[in-house]
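Undergrad: I'd like to go over a predicted model; first the sequence, then the structure.
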Amino acid sequence: MIEIRDLAKRFGAVEAVRSVSFSAGDGRVTGLLGPNGAGKTTTLRMISTLLAPTAGTVRVDGIDAAADPLAVRSRIGALSDARGLYARLTARENIAYYGELRGLPRARIARAIGDLAAMLELEPLLDRRTDGFSQGERMKVAIARALVHDPPNVILDEPTNGLDVMTTRSLREAVRRLREAGKCVLFSSHVMQEVAALCDEIVIVSHGVVAATGTPEAIRAAAGSADLEEAFVRLTGAGGEAP
Amino acid sequence: MGRILTVFLKEARDALRDRRTALMVLVASVVTGPLTLVLIAQFVSGLEERATTLKVRLAGAENAPALVNFLARADVEVEKAPPDYAARVKAGRLDAVIVVPPDFHERWMAHEAARVELVFDDSRTEASPAIRQSERLLEAFNRETATLRLMARGVSPSVNETVKVERVNAATPRQRGAVLLFLIPMFAILAPLLGGMTLAIDATAGERERGSLEPLLANPVPPAAFALGKWLAAWASASLVAVVTLGGFVLAAAFYAESRLPALLQFGLPEYARFVAVVVPLAALTSAAQMLISTYGRSYREAQTYVSYLATAVSFIPLVVMFSGAREAAWQAAVPVLGSLMALTRVLRGDGLTAFDALVPAGVCLALAALAVAAVARLLADERIVFGRS
C-alpha cells in the first residue's frame, strides 16, 4: 500500500513535481501515466526514498518515508530508471548480492532466485556473467534483483522501455502474477496501450500535477472519449487546446 | 557489520574477476623490486670498482718527473692518457685526466706556480670518485712539495697549515646505501596508490557510470556501510600490492647477499615487517582519498584523471624531500605521506624506528582516512551526487 499526499520536488529553479497525490492499493496494479518529463521518475524516486521531497508525504504500508526511510526501503522492491548490473558477476551473483544486502539468509536467497528465474524465464542465464546480456536479459535480472526479498510493494519505472514484443509480454505476465500474489504494483509508463492492458487504476501525471485518477473506464468517461489515448491527450493537454 | 562485509566481499570478488588488470598489477609489483635492485647493484659495484683501483691518467707525464715519482711512491698506477683524451672524457669513456704542460718542470724547479689541468665532466655522477681521487692526489703532491721547501728554509711546515682538515665520514656503509636507496621508500609509497586505484574508482565513479549506484542505494543499508565496505576492499587491494612489491625487494636483496650490496643495503625480514607496518596505514589513507576523489567523478575516465593527479602529487613528496634538503623535524611525522616516508627512511638507515616515528604517521593516516570515508558516506546520501550535478 503506497499513499502519497501533495508531493512536490524542486531542483533549483525547476519544479519537477508540483503536487502529486494518489494511493496505490494492495492486490492492484496502478499505472503512473504521463508524457516524458511529467515528473514520473522523480515521484518514484521520492517513494523509494532516494530523493527527499520538498513538500508532501510518502507513506508505505503506513510508514512515513521521511521518518524511517530504511523501513520503507525494506518494504519496497524498485526497478529504477538506472538499472545497471555488475558485468563481471553472474546473474545469480548480481541477484544474491541484493539479497545479502537485505540481510536475507542464504537458503532464502537461493529459493527466491529459483522462483524468480522461473517466473522471468531466466534459468539458462543464471550462471553466466552479465556482460554479454541483451537489454531484455538485463532487464529481467534487474527485476529479479529488485524482487529478491519478496517485497509487498513493487515499483517499476518504465519497465518495458526498449524491450522487444516477446520480452514485454513475459513482463506483463510477471506483473499479473505479482498482482495475484496480493502485491501493490506501481509502474510508470508513457505508453497508453500498456497501461490500458495491465492497470486496475491509472494516475495521469502532467507537468508535475495529477491530471486524472481512476479506472480506465472512469478516465474514458471523465474525458468524454471512448478511446483511452484520446482521453490521455485531452487530459494532459498534450494535444494543444481541447475541442 | 554484516552489510559492510557483504559489500567488501562483493567488491573484492568483482575486482578479482577483472583478471587482466589484477594480473598486470600483481606482475608489475612482483618485478619492481628485483628490477630496481639489479640496476642499483650494477651502479654501486661500478662505483666501487672505479674508486678502489688507484689509477691516474696522465697526459704529458714526461714533463713532470717529480709528480710521477710522487704517484709511484703513493702506490698509484699511472697510465698514459690517449691523445684524444678530451673527446673521450666528453663521451664518458674516461673519468678524469691530468694534463701536464711542457713548461711544468722548469717552473716547478724555479719554485714558480706550476700549472696542471684536470680534465673531467662532472655532469656524470659515476665519474665523481675518480675526479675526487685525482684532485686529492694533486693536493697531496702540492702539500708534500711545500712542506719540503719550507723545511729546507728552516720553517715549520705547520705555518703553512693553519687549519688541518681531517676527513671523518660519519655515514656508515648502510647509511650510504640509504642515500642511494631512497627508491625503496618511493616504491613503498607508490605501490598502495597503484594497488588501490582501480578498485576505488570502480566502486564509486564506475558504479555511477554503469547505472548501478541508484539501485544499490535503494537497498535498506546506511550509506556509511557502503562507504566502509568499499573502502576496506580498496585498502585491502592497496595493501596487498604494497606487501607484494616490498616482498620483491626482500627476495632480490636476499639474492644479492653474496655481493657488496648488503654492506649498503639491509632489507631483510625485520625491515620488511617495519615497512609493512608503516605502509599499511598509509594505504588506508591513499585508498580513502582515491575513493573520495572518484566519488566526485562523473565518469570512470574523469575519476581516473583526478586520481592520477593525486598520484603525481604524492610521488612529488619524496622528490621534494630529496631536493629541498629539508632537515628532519618532529613535526614532519604528522604530515601525511611525508611522515611515513621519514619513518621508512629511518628503517633503511638502520636508525631504529621509535614508537613515535611509527605511530604518529599511522595515526594521522588512519584519522584522515576515517574523515575521507565519512565524507564519501555523506556524498552517497547526497542526491546531487547520486543523480548527477547540474
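TA: Received, thanks.

Undergrad: how about the residue in chain A positioned nearest to chain B, secondary structure?
TA: Nearest to chain B, among the residues of chain A, is A:Gly84, at 3.1 Å (CB to the nearest CB). Any C-beta I mention is one placed from the backbone N, CA and C, and that applies to glycine too. The three-state assignment at A:Gly84 reads coil, by DSSP: H, G, I helix; E, B strand; the rest coil.

Undergrad: Now it: closest residue in space that isn't a chain neighbour?
TA: B:Gly211 (3.1 Å; CB to CB, 6 or more residues apart in numbering or on different chains).

Undergrad: and that neighbour, helix, strand or coil?
TA: coil.

Undergrad: which bits of chain B sit near chain A?
TA: By CB under 8 Å from any CB of the partner chain, the part of chain B that sits against chain A consists of B:2-3, B:6-7, B:10, B:13-14, B:17-18, B:207, B:210-222, B:383, B:386-387, B:390.

Undergrad: Would you mind listing which of these are buried?
TA: The neighbour count (16 or more other CB atoms under 10 Å in any protein chain shown) marks B:3, B:6-7, B:10, B:14, B:17-18, B:207, B:210-222, B:386-387 as buried among the residues of chain B next to chain A.

Undergrad: And the pLDDT for the residue of the stretch 1-150 of chain B found nearest chain A?
TA: The stretch 1-150 of chain B approaches chain A most closely through B:Arg17 (3.8 Å), counting by CB to the nearest CB. B:Arg17 is assigned 91 on the pLDDT scale.

Undergrad: give me every residue that touches it.
TA: Contact partners of B:Arg17, counting by CB atoms under 8 Å, 6 or more residues apart in numbering or on different chains, are A:88-89, A:129.

Undergrad: ditto for A:Leu198
TA: A:Leu198 neighbours (CB under 8 Å, 6+ apart): A:29, A:31, A:172, A:175-176, A:187.

Undergrad: could you dump these to CSV with neighbour count, pLDDT and distance to A:Ile76?
TA: As requested, the contacts of A:Leu198 are exported to CSV (neighbours: other CB atoms under 10 Å in any protein chain shown; pLDDT from 0 to 100; distance: CB to CB, whole Å):
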residue, neighbour count, pLDDT, distance to A:Ile76
A:Val29, 24, 95, 16
A:Gly31, 26, 94, 17
A:Arg172, 16, 90, 21
A:Val175, 22, 93, 16
A:Arg176, 14, 93, 20
A:Phe187, 27, 91, 13
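
Undergrad: Show me which pair in these is furthest apart.
TA: Taking CB to CB, the two most distant members of those are A:Gly31 and A:Arg176; they sit 13.2 Å apart.

Undergrad: Walking through chain A, point out its helices one by one.
TA: A:40-47, A:69-74, A:91-101, A:106-120, A:135-147, A:165-180, A:192-198, A:216-223, A:228-236 (DSSP state H).

Undergrad: right, and the ones you listed - which one's nearest B:Leu228?
TA: helix A:91-101 (13.4 Å).

Undergrad: The closest one close to chain B?
TA: Yes. Applying CB under 8 Å from any CB, one finds helix A:91-101 touching chain B at A:93, A:97-98, A:100-101.

Undergrad: Can you list the helices and strands that that helix packs against?
TA: helix A:106-120, helix A:135-147, helix B:2-17 (3 or more CB pairs under 8 Å, 6 or more residues apart in numbering or on different chains; DSSP states H and E).

Undergrad: gap between the last one and the chain center?
TA: Averaging C-alpha coordinates over helix B:2-17 and over its chain gives two centres that are 35 Å apart (CA atoms, centre = their mean, to the nearest Å).

Undergrad: Okay, angle between it and helix A:91-101 too, please.
TA: 160 degrees (axes from the mean of the first three to the mean of the last three CA atoms, to 10 degrees).

Undergrad: My guess is A:Arg102 contacts B:Asn219. True?
TA: Yes. A:Arg102 is within contact range of B:Asn219, at 6.2 Å (criterion: CB atoms under 8 Å).

Undergrad: since we're on A:Ser80, how many residues are nearby?
TA: The local packing of A:Ser80 (other CB atoms under 10 Å in any protein chain shown) involves 25 other residues.

Undergrad: The lowest-mean-pLDDT helix or strand in chain A vs helix A:216-223, what angle?
TA: Ranked by mean pLDDT, DSSP states H and E, the weakest helix or strand in chain A is helix A:228-236, scoring a mean of 75. Here helix A:228-236 runs at an angle of 50 degrees relative to helix A:216-223 (the same axes, to 10 degrees).

Undergrad: Output the contacting helices and strands for helix A:228-236.
TA: Using 3+ CB pairs under 8 Å, 6+ apart: helix A:228-236 touches helix A:192-198, strand A:201-206, strand A:209-214, helix A:216-223.
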